[in-house]
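Engineer: A predicted structure for the sequence below; I have some questions about it.
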Amino acid sequence: MFRHPINETTANREGIVQVVSSMKWYSSLAKLLLEHTSQKDERFEEPRRLLADRILDLYKTLLKYIIKSICAYNRNPVLQHLWNLMKVDSWSGSLDDVNKAENSVKAAASALGVQQANSYLGLLVHMHVSEAQDNIMKNLCVADMTAEIKSLQQRKDNVLADSYKWILGNEQYRDFTDWQQGSTRRLLWIKGDAGKGKTMLLIGIVTSLTAELETHFDKPHIAYFFCQATNDRLNTATAILRGLIFMLVRQQKSLIRHLDAFKDLGSTLFEAHASFYNLKDVLLAMLADTTLERAYLVVDALDECKKEEPGQTQLLELISVAADMNSKVKWLVTSRNQDHIGNILNKTETAARLSLELNANSVTGAVNSYIGHKMIDLAARFETTYRDSDDGILTEVRQVQEQIAEEVRQRADGTFLWVALVFRQIHDDPDLGADEILRLVHSIPRGLDGMYDQMMGQIIQRTDVYSQHSKDVLLIMLNTYRPLQLSELVSLAALPRLAAHSSIVRRCGLLTIKEDDNTVYFVHQSAKDYLTEHAKPEILSKIFPSGRAGHHKIVPQSLKAMRATLRRNIYKLGYPGFPITDVQVPHPDPLVSIRYACVYWVDDLCEIQIEDDRAGLYSTIHTFLKEHFLHWLEALSLMSRMCEGVFAVDKLASLLTVSLP
C-alpha cells in the first residue's frame, strides 16, 4: 500500500528527467539523420523514409509521456495517490514504450548505414565534408562575423542592453519575428540617419536572437553580415553573399552541395566579376532547399555597399525577390534613409519599415541610458580627482556633474555617435577639471557635421608639426581601400619614426585605434562621408591643399617601403616549396608594415588621374620590379594573396599598354 505510490512517483520523476533531457537531442538528431548529403544516392531513399517514420513515432511517444505527466500533476492529490496505489498510469510501462520507440529508431538508423556499433558518434563521423568542400569553405570565408561583431563593439563601446531592448518590445519587430501566428512580414527594414545607433541596435538584436534560438527545439538558423564602407573586403554585394552563404553552410553542412558545381573553380568563384551572379543562384537554391527549415538573414548598413554593378542595386533586388518567394526565410536589414534603397525594398509585399526617427522617444531613451552609462565612468574619474577635497567642493562637483549630464542629453538629439565623440574628447584629456569639462561640452556644436567642422578647425589652427602630420594621415586614410595597421599608416604617411604615432592619429579627431591589434579606423562612416561630401570648401582647402586624391602619395611610399623590406626567403623557411600550411609567422612579422602596400600598390597606381604624376613613377616601378619582383610574389604567397598578385600584374600590363606609345 505504501510502496506502490512511492515507486510510481519515483518512476514518473525519473522518466520525466529522461524524456525532457532527450527531446532536444532527438530533434537535433532527426535533422542530422535525415539530412541529405551532397552525394545523393537513391538507394537510401526507402531506408530514409522508414527512419523518418520511426522518428515521428518516437516523438509522439515522448510527447504522450509528457502530456500524461502534466495531467497527473494537475490531478487532485488524493485521487492521484489512489491512481498510484492501483498503478493506473503504469509509469514504468510508459517508459518502456519510450525505450522501445528509441530502439526502433536505432534499428532504422543502422539499416540506413549511418550508425556504427550503436554509437551516435558514428553519425557525426559519417557526416564528413570532402577535401574539395573544405577548400570551398576556405575560399568562401570572407570574414569571421562573430569576431567582427566583437571588433565593432570595441570601436562603438560595448552594446548595452538598455541601448536596444526597446526594439524587442516594438510591435513591428515582434510581428516580424513571430513565426507562429502566420505573420506575413518576411522583411524588416530598419532605417535611420547617421549615428543613430543602427549597428549597435543590430548587434543587440543578433545577440538576442542567437540566445533565443538556442531555446528552440528546431533551432532556426541565423546568418548575418555587417557591411563596412571603410573596408574593401566588407563593402561589396559579393562579399555579403559570401558571408551569408558561409554562415548557413556552417550551420547546415548539407547545403554545401549547392556549391559542388563550382568546386573546380577554386577562389576564382568568389573573385571574378560574375561571382555575384553565381553566388546569387547558390543562395536562392539553398533557401529553396527542402531540408532548410527556418532562417534569419541579417544585413547591416546596406547603404555602405558599393554601388558599382554588381553592387547595391542588384543585392537589394535579390533581397526583395527572395523575401517574397520564400516563407521559411526572414530578412532583417538596416540602412540610412536613402530613397534608392526604399524604392526597391518597398516593392516587396511582405516588407515592413521601422524608422528610428519615427521612434524618436524610444531612441532618445536608449541614448539617455547610454549617457548614464558614460557618466558612471566620469563620476569615477571625479572621485579620483577630488578625493582629497572638502565636502563643499565635492558637493559643487556633483552639481557640475549633473549639469554635464543634462547638457549632453539636451544637445545629443538622439544621436549615439555624437554622445560617444563628446565623451571621447573628455577621455582624451585626463587633466580637465569638472568646470572645464562643462565648458567643453558647451563649446561642442550640435550635430555631427558641426562637430567634425570643429575638429578640423582645431587641426587648422595648430601650427606645430603635428598639424601637418594629422593632415597627411587623414589624406592617406581617406584614399586607402581598407583600415590600416598603425605601422602601415606610419609607412604610407611618412611619419617620423620617433614621433608619437598614436597621438597623431587621435589628434585627427575623425580616427580611432582599435587597441587589441592597433588597427586605425574612421570613427564612423559619417566621418569619411564628411571629408568626401559634406566638409566646407574653405576647410577642405586648408586640410588638403592639393586636393583629396592621395594615391599619388601612397604609391611612391608603398614602393619605398617594399624596397626597404622585401628580400629573398623573408620568413627564413627551410627549403623551396615549403607548404604554406606549415608556415609559422615570425615575431615580429617583417611583412606587417607593408601588407597593404604589397596587395594594393597597383590599384592605387591605377587611381592616379593625372598622367604626368603616373608617368613620373614608371622609372621607380621598373627598378622595383627588376630588384624585387620575385620577392614581392613570395610575400604575396606568404600572405595567401597570390590571386591579387596575378590581377595586379594584369592591371599593370594593361595600364602600361595604354600609357606607353
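Structural biologist: Okay, I see it.

Engineer: could you give the backbone dihedrals for the residue nearest to residue 355 when sequence neighbours are not counted?
Structural biologist: Residue nearest to residue 355 in three dimensions, not counting chain neighbours: residue 191, with 5.7 Å by Cβ to Cβ, 6 or more residues apart in numbering. For the C-beta atoms, the positions are set from N, CA and C on the backbone; glycine is no exception. Backbone torsions of residue 191, given as degrees, to the nearest 10, read phi -130, psi 150.

Engineer: Three-state assignment for residue 445, please.
Structural biologist: Here residue 445 is recorded as coil under DSSP: H, G, I helix; E, B strand; the rest coil.

Engineer: I figured it hits residue 454, correct?
Structural biologist: Yes. Shown here, residue 445 and residue 454 form a contact pair, counting by Cβ atoms under 8 Å, at 5.8 Å.

Engineer: for the stretch 151-300 of the chain, what spans make up the helices?
Structural biologist: Using DSSP state H, counting those that start in this stretch, the helices found in the stretch 151-300 of the chain span residues 161-168, 171-177, 198-213, 237-251, 275-288.

Engineer: need the winner for burial among the ones you listed.
Structural biologist: Neighbour counts (mean count of other Cβ atoms under 10 Å) averaged over each of the helices of the stretch 151-300 of the chain peak at helix 237-251, with a mean of 23.

Engineer: does it pack against any helices or strands, and if so which?
Structural biologist: helix 131-140, strand 221-226, helix 275-288, strand 295-300, helix 312-325 (3 or more Cβ pairs under 8 Å, 6 or more residues apart in numbering; DSSP states H and E).

Engineer: turn the ones you listed into JSON lines, including distance to residue 629 and mean pLDDT.
Structural biologist: Shown next, in JSON lines, are the helices and strands packed on helix 237-251 (distance: least, Cβ to Cβ, whole Å; pLDDT from 0 to 100):
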{"stretch": "helix 131-140", "distance to residue 629": "26", "mean pLDDT": "74"}
{"stretch": "strand 221-226", "distance to residue 629": "37", "mean pLDDT": "93"}
{"stretch": "helix 275-288", "distance to residue 629": "28", "mean pLDDT": "91"}
{"stretch": "strand 295-300", "distance to residue 629": "40", "mean pLDDT": "94"}
{"stretch": "helix 312-325", "distance to residue 629": "37", "mean pLDDT": "92"}
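
Engineer: tally of neighbours for the nearest residue to residue 572 once chain neighbours are set aside?
Structural biologist: Nearest non-adjacent residue to residue 572, counting by Cβ to Cβ, 6+ apart: residue 586, 7.3 Å away. Counted by other Cβ atoms under 10 Å, the residues lying close to residue 586 total 11.

Engineer: look up how far residue 569 lies from residue 586.
Structural biologist: Per Cβ to Cβ, to the nearest Å, residue 586 is found 12 Å from residue 569.

Engineer: likewise for residue 344?
Structural biologist: If you go by Cβ to Cβ, the gap between residue 344 and residue 569 works out to 52 Å.

Engineer: for the two, indicate the residue with more neighbours.
Structural biologist: residue 344 (18 against 12).

Engineer: for that one, what are its contacts?
Structural biologist: For residue 344, the contacting residues are 313, 316, 317, 320, by Cβ atoms under 8 Å, 6 or more residues apart in numbering.

Engineer: from those, which is closest to residue 418?
Structural biologist: Distance to residue 418, by Cβ to Cβ, is smallest for residue 316 among these, at 28.9 Å.

Engineer: name the element the residue lying closest to the closest one once chain neighbours are set aside belongs to?
Structural biologist: Distances taken as Cβ to Cβ, 6+ apart put residue 344 closest to residue 316, at 4.2 Å, once the chain neighbours are dropped. In this structure, residue 344 sits in helix 339-345 according to DSSP states H and E.

Engineer: and the next helix-or-strand element following that helix, what does it pack onto?
Structural biologist: Counting by DSSP H and E, the next helix or strand C-terminal to helix 339-345 is strand 351-355. Here strand 351-355 touches helix 171-177, strand 187-191, helix 339-345, going by 3+ Cβ pairs under 8 Å, 6+ apart.

Engineer: CSV for those, including mean pLDDT and distance to residue 527?
Structural biologist: Output for the helices and strands packed on strand 351-355, formatted as CSV (pLDDT from 0 to 100; distance: least, Cβ to Cβ, whole Å):
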stretch, mean pLDDT, distance to residue 527
helix 171-177, 90, 29
strand 187-191, 95, 20
helix 339-345, 93, 21
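
Engineer: can you list those in a markdown table and add distance to residue 404?
Structural biologist: Below are the helices and strands packed on strand 351-355 laid out as a markdown table (distance: least, Cβ to Cβ, whole Å):
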| stretch | distance to residue 404 |
| --- | --- |
| helix 171-177 | 33 |
| strand 187-191 | 31 |
| helix 339-345 | 38 |
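
Engineer: pretty sure residue 341 sits against residue 299.
Structural biologist: No. If you go by Cβ under 8 Å, residue 341 and residue 299 don't touch, sitting 11.4 Å apart.

Engineer: neighbour count winner among these two?
Structural biologist: Set residue 341 next to residue 299 and count neighbours by other Cβ under 10 Å: residue 299 wins out with 24 against 20.

Engineer: was I right about the more buried one contacting residue 240?
Structural biologist: Yes. Because the distance of 6.1 Å satisfies Cβ under 8 Å, residue 299 is recorded as touching residue 240.

Engineer: what do the two both touch?
Structural biologist: In contact with both residue 299 and residue 240: 225, 227, using Cβ under 8 Å, 6+ apart.

Engineer: measure residue 352 to residue 187 for me?
Structural biologist: On the measure of Cβ to Cβ, residue 352 and residue 187 end up 7 Å apart.

Engineer: higher neighbour count, those two?
Structural biologist: The neighbour comparison of residue 352 against residue 187 (other Cβ under 10 Å) goes to residue 187, with 23 against 18.

Engineer: rewinding a little: show me which residues of the helix holding residue 344 are buried.
Structural biologist: Residues of helix 339-345 classed as buried by neighbour count (16 or more other Cβ atoms under 10 Å): 341, 342, 344, 345.

Engineer: low-confidence ranges in the stretch 101-250 of the chain?
Structural biologist: For the stretch 101-250 of the chain, applying pLDDT under 70 flags the ranges 106-133, 155-159, 181-183, 215-219.

Engineer: and the pLDDT at residue 266?
Structural biologist: At residue 266, the pLDDT value in this model is 58.

Engineer: going forward, the N-terminal residue is numbered 29.
Structural biologist: Sounds good: first residue 29 from here, last item residue 294.

Engineer: what's the burial count for residue 483?
Structural biologist: Counted by other Cβ under 10 Å, the residues lying close to residue 483 total 21.

Engineer: and residue 419, by the same measure?
Structural biologist: 7.

Engineer: spell out the residue ranges of the helices in the stretch 379-528 of the chain.
Structural biologist: Counting by DSSP H, counting those that start in this stretch, the stretch 379-528 of the chain has helices at residues 388-413, 419-440, 444-456, 462-471, 476-489, 493-507, 514-520.
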